[in-house]
Every structure is written in structure tokens, then in C-alpha cells.
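In: Give me a model of this one.
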Amino acid sequence: MEAKYFKVYEIANILHVRIETVRRYIQQGTIEALILPGGDYRIAESELNRLLHQVTAGYGKGKGNKH
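Out: All right, here's what the predicted structure looks like:
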């Protein structure tokens, strides 16, 4: 089965962040991405799943929570 890849704007929409934020995360190494010959990025579905798991695992652990 072929891996699915997302464009930067798709990841931004899914994570509810700006496109610039996704690009910054890629440049910082927070998000792993392929760089295409034209300089565009593609993010693997497995990387998206990792990010979503990180976000949901940390949900509810912020300041002020009394769980």
C-alpha cells in the first residue's frame, strides 16, 4: 500500500495552525517532511498521526487543570 502525503496547507488546516507555523516546525525539526525538488514539503500520514497523538496525549495537562 502506498503511503499518503499531505501538503503544508493541509497539515495547517488539520492542526488549526497557520501555514507559516507548519513551515517553522519543519525547519526546526519538530515535523519531519520530505523536500521536493521545487522546494515544496510533503508530510507523511504517519507523521501527522504522530503529531495528533502528541497533541491529544497532552490535552488536559495544562495549567489550572485539577484532574
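
In: Tell me where the chain has helices.
Out: 8-15, 19-28, 45-58 (DSSP state H).

In: if we look at the longest one, which residues are touching it?
Out: Around helix 45-58, the neighbours that count as contacts under C-beta atoms under 8 Å, 6 or more residues apart in numbering are Ala3, Lys4, Tyr5, Phe6, Ile11, Ile14, Leu15, Ile31, Glu32, Ala33. C-beta: built from backbone N, CA, C; applies to glycine.

In: Distance check, the closest residue to the fourth one other than its chain neighbours against Val17.
Out: I take that to be Phe6. Spatially, and ignoring its direct neighbours in sequence, Phe6 is nearest to Ile43 (4.9 Å; C-beta to C-beta, 6 or more residues apart in numbering). With distances taken as C-beta to C-beta, to the nearest Å, Ile43 is found 13 Å from Val17.

In: before we move on, what about Leu36?
Out: For Leu36 relative to Val17 (C-beta to C-beta), the value is 21 Å.
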